[in-house]
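K.L.:
pasting the structure only:
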């Protein structure tokens, strides 16, 4: 693929033709907030938190193609302030818990790194949620209508189960069928949870707030449900599995998984799970040692 060269804050970087300015900036080692952006999805340019100056104009880096010879500025006081104000506007409409200490969401981390305090979030809330689904919890008060979950469902999973409804500040994500989430076309892949930048979509239980991009220490493994070979990260606590998350750097799945790989680990603690070999004697299954069982099979 043909490459192009541009200048980012005085540093020359090479990116593939067709890459965005956001990709070029990150290639230069600079981390810009981009709350509506996910590398796995088509760009939207709706949040304006990735503003840069390029070729003398202020543009959203995620939707602006890189062009050979362009000079990009990301660190001037003016640009920093514009990005900070864009994040502040988004955060101000959310309830205080959106930026509470310990909140692991992408938005909360961006606010902390930008010096935006929890008192910025002054939204009243009250938009309700949806707890009908066993694997996905929706908190509409934390939704910023970035559309990442909708694009994940459509572009990566191909299910088209989600949509945005409402106008202006009242725009929120909802199942496309209009009813309860559990009654929608959702296939429970968890991709919407994984890409949500605010915690509006979470996995209930101990894994709440964890995504493939923000997680504690985990053990890398390969899903055993089918032959695709998806890479998974198993998160544990006190010797118990609390979450199974698709690996963002998995060569096959690239941060995605199906309902079985991500959520179907309850068998680990099932009372019906076999913990030792059984041999059938006189029509009944009875516990046996490994040597006896293997000898019997042989």
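P.N.:
All right, it came through fine. Here the structure is a predicted model, which is why all the values come from computation and not from measurement. Residues are numbered from 1 along each chain as shown.
K.L.:
So which bits of stretch 118-126 are buried?
P.N.:
Within stretch 118-126, the residues that qualify as buried are 118, 120-121, 123, counting by 16 or more other C-beta atoms under 10 Å. Quick note: C-beta positions are derived from backbone N, CA and C, even for glycine.
K.L.:
One more: stretch 245-261?
P.N.:
245-248, 250, 253-258, 260-261.
K.L.:
now stretch 85-93
P.N.:
Quick answer for stretch 85-93 (16+ other C-beta under 10 Å): 86-87, 90-91.
K.L.:
coming back round to it: is it possible to get JSON lines of the buried residues of stretch 118-126 that adds secondary structure, pLDDT and distance to residue 54?
P.N.:
Output for those, formatted as JSON lines (DSSP: H, G, I helix; E, B strand; the rest coil; pLDDT from 0 to 100; distance: C-beta to C-beta, whole Å):
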{"residue": "118", "secondary structure": "helix", "pLDDT": "93", "distance to residue 54": "33"}
{"residue": "120", "secondary structure": "helix", "pLDDT": "95", "distance to residue 54": "28"}
{"residue": "121", "secondary structure": "coil", "pLDDT": "95", "distance to residue 54": "31"}
{"residue": "123", "secondary structure": "coil", "pLDDT": "92", "distance to residue 54": "33"}
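K.L.:
from these, which single one is nearest residue 46?
P.N.:
Within the buried residues of stretch 118-126, the smallest distance to residue 46 is 18.4 Å, found for residue 123 (C-beta to C-beta).
K.L.:
shouldn't that closest one be in contact with residue 97?
P.N.:
No - applying C-beta atoms under 8 Å, one finds residue 123 not in contact with residue 97, separated by 9.8 Å.
K.L.:
Distance from the chain centre to stretch 269-279, please.
P.N.:
35 Å (C-alpha atoms, centre = their mean, to the nearest Å).
K.L.:
For it, report the contacting residues that lie outside it.
P.N.:
The contact list for stretch 269-279 (C-beta atoms under 8 Å, 6 or more residues apart in numbering) reads 240, 267, 285-290, 292-293, 296.
K.L.:
try stretch 227-239
P.N.:
Counting by C-beta under 8 Å, 6+ apart, residues outside stretch 227-239 touching it are 206-207, 210, 212, 215-223, 241-247, 249-253, 256-258, 261-262.
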